[in-house]
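A.B. asks: Mind folding the following:
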Amino acid sequence: MEKKRMVIKELTVKNFRNFSEHTVQFSDGINVIYGPNGSGKTSILEAVAYLSNPRSFRGARDYQVLKVGEKHFEIKGRIVSGEEKHTIEIVYVQDDDKKEKVAYLDGSKVKRFRDIQEIFIAIPFSFRDYSMVDGGPAQRREFFDEIFSLLDLDYYETLRAYEKLLDERNEYLKQEPELIDREYLIETAKDLQIMADKIVEKREHMINELSKYLDKTFKIEYKSDFKGKNFLDYVDQDIAEKVTTVGPHSQDDYLLYYKDLLARHYASEGQKRLLYLSIVLAFKKLIEETKHYEPVFLFDEPFNVLDTHLLERFISNLSGQVIIASITPLLGAHNIGLTIEE
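C.D. replies: Alright, predicted model coming up:
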């Protein structure tokens with residue numbers, strides 16, 4: 001089956017991060033957004049990613065990417081998706097009464113954010129993420145949650161619903177024990193269990209699929225200490241500790257291996273970077289083979305991590321549209337210069 005190629009032709013942002021209003025034109029192939037620190041290079045990548053998955057890949061809340069002093073931001077992209085041309089717009093409004101985020105496709109309001117992912121997928125990677133090899137389980141869970149959410153929209157919706165209910169339950173548990181309604185905790189425990197079991201099952205499946213495309217020097221093992229546990233068995237402990245004490249949000253990890261040895265202990269810094277690149281390229285191959293899309297890939301500051309040889313090797317493995325944020329331009333790329341706004 002022929003892959004559907006996705007390309008962003010133009011991006012306009014208003015009141016986003018430090019930009020009052022800014023428009024960028026992209027070309028097909030390799031694009032490099034360059035400029036000094038503080039000029040907004042990563043913010044442009046962040047805005048492109050919002051058009052695919054309307055949340056910040058940098059972990060910020062919507063109100064935190066709103067330009068200081070403003071009450072709304074807009075992100076608008078002109079997209080080519082296969083043979084079709086579309087416009088996607090994300091609008092966030094914050095006032096005294098409410099906060100609202102709405103997506104529009106060709107001027108019509110989208111009922112579900114996942115609907116725009118059938119039109120446009122932009123996958124962000126920050127080369128700071130390779131530190132997840134040495135980091136804690138939460139860092140690895142966040143990384144794989146982001147890429148799996150783009151691969152499986154049902155996983156994305158299940159994870160978001162799980163996180164929303166978990167936040168509500170944890171907020172409720174902050175009350176004094178005598179004010180707690182056990183029936184509420186029991187009902188929410190049952191709901192969380194259904195979603196958590198699905199999350200664990202999908203994580204296992206997607207790691208198995210990703211591993212098919214991973215360089216054989218490396219290996220990823222999904223380890224769930226939550227699997228087999230039941231939220232209902234921990235209600236009393238939850239009340240005592242004022243937090244939901246079990247779940248895949250806190251008890252799961254991804255073990256990364258170099259030549260069958262834990263990479264964080266036995267791999268050199270160069271090998272850890274190669275492991276990260278291998279995961280990126282494996283995911284690219286997986287999404288192209290399973291979704292039949294050729295998505296846009298976004299890379300934040302790769303030159304800080306990769307030497308010239310590794311960078312050339314990496315770029316040579318990429319096809320489709322690529323947008324890179326960098327301090328300096330790249331020979332042969334479509335280079336887009338930014339300056340610091342006064």
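A.B. asks: what are the ranges of the helices in the stretch 1-150 of the chain?
C.D. replies: 41-50, 62-65, 137-151 (DSSP state H, counting those that start in this stretch).
A.B. asks: got these as JSON lines, with mean pLDDT columns?
C.D. replies: Below are the helices of the stretch 1-150 of the chain laid out as JSON lines (pLDDT from 0 to 100):
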{"stretch": "helix 41-50", "mean pLDDT": "94"}
{"stretch": "helix 62-65", "mean pLDDT": "90"}
{"stretch": "helix 137-151", "mean pLDDT": "89"}
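A.B. asks: low pLDDT regions in the stretch 51-200 of the chain?
C.D. replies: By pLDDT under 70, the stretch 51-200 of the chain has no low-scoring segment.
A.B. asks: Redo the helices of the stretch 1-150 of the chain as CSV? Include mean neighbour count.
C.D. replies: Where C-beta positions appear, they are placed from N, C-alpha and C, glycine not excepted. Compiled in CSV, the helices of the stretch 1-150 of the chain are given as follows (neighbours: other Cβ atoms under 10 Å):
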stretch, mean neighbour count
helix 41-50, 24
helix 62-65, 15
helix 137-151, 18
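A.B. asks: For residue 306, find the nearest of the ones you listed.
C.D. replies: Proximity to residue 306 (Cβ to Cβ) singles out helix 41-50 among those, at 16.6 Å.
A.B. asks: Could you list every helix and strand that that closest one packs against?
C.D. replies: If contacts are counted by 3 or more Cβ pairs under 8 Å, 6 or more residues apart in numbering; DSSP states H and E, helix 41-50 sits against strand 4-16, strand 30-34, strand 72-81, strand 122-126, strand 296-300, strand 322-326.
A.B. asks: Give me the contact list for the fourth one.
C.D. replies: The set of residues external to strand 122-126 that reach it, using Cβ atoms under 8 Å, 6 or more residues apart in numbering, is 6, 8, 42, 45-46, 48-49, 51-53, 57-58, 146-147, 150, 280, 283-284, 287, 295-301.
A.B. asks: try 7 Å
C.D. replies: Around strand 122-126, the neighbours that count as contacts under Cβ atoms under 7 Å, 6 or more residues apart in numbering are 45, 48-49, 51-52, 57, 150, 280, 295-300.
A.B. asks: Out of these, name the two that are farthest from one another.
C.D. replies: 51 and 280 (20.3 Å).
A.B. asks: measure the residue nearest the centre of the chain to residue 124 for me?
C.D. replies: Nearest residue to the geometric centre of the chain (Cα atoms, centre = their mean): residue 146, 3.4 Å. Per Cβ to Cβ, to the nearest Å, residue 146 is found 8 Å from residue 124.
A.B. asks: residues shared between the contacts of the two?
C.D. replies: Common contacts of residue 146 and residue 124, defined by Cβ under 7 Å, 6+ apart, comprise residue 57.
A.B. asks: now the host helix or strand of residue 312, how far from the chain's geometric center?
C.D. replies: Of the helices and strands defined by DSSP states H and E, residue 312 is found in helix 308-316. Distance of helix 308-316 from the chain centroid (Cα atoms, centre = their mean, to the nearest Å) equals 23 Å.
A.B. asks: ends of stretch 243-258, how far apart?
C.D. replies: This stretch, stretch 243-258, spans 36 Å end to end (Cα to Cα, to the nearest Å).
A.B. asks: any idea where the strands of the stretch 201-342 of the chain begin and end?
C.D. replies: Under the criterion DSSP state E, counting those that start in this stretch, the stretch 201-342 of the chain contains strands at 218-224, 252-258, 261-262, 293-294, 296-300, 322-326, 334-337.
A.B. asks: quick one: low-confidence parts of the stretch 201-342 of the chain?
C.D. replies: Ranges of the stretch 201-342 of the chain meeting pLDDT under 70: 308, 341-342.
A.B. asks: Count the neighbours of residue 156 for me.
C.D. replies: 19 (other Cβ atoms under 10 Å).
A.B. asks: ugh, wrong one, I meant residue 188
C.D. replies: By other Cβ under 10 Å, the residues close to residue 188 number 20.
A.B. asks: Quick check: which element contains it?
C.D. replies: For residue 188, the element it lies in under DSSP H and E is helix 182-211.
A.B. asks: May I see the buried residues of that helix?
C.D. replies: Judged by neighbour count (16 or more other Cβ atoms under 10 Å), helix 182-211 contains these buried residues: 185, 188-189, 192-193, 195-196, 198-200, 202-203, 206-207, 209-211.
A.B. asks: Off-centre distance for it?
C.D. replies: The answer for helix 182-211 is 19 Å, by Cα atoms, centre = their mean.
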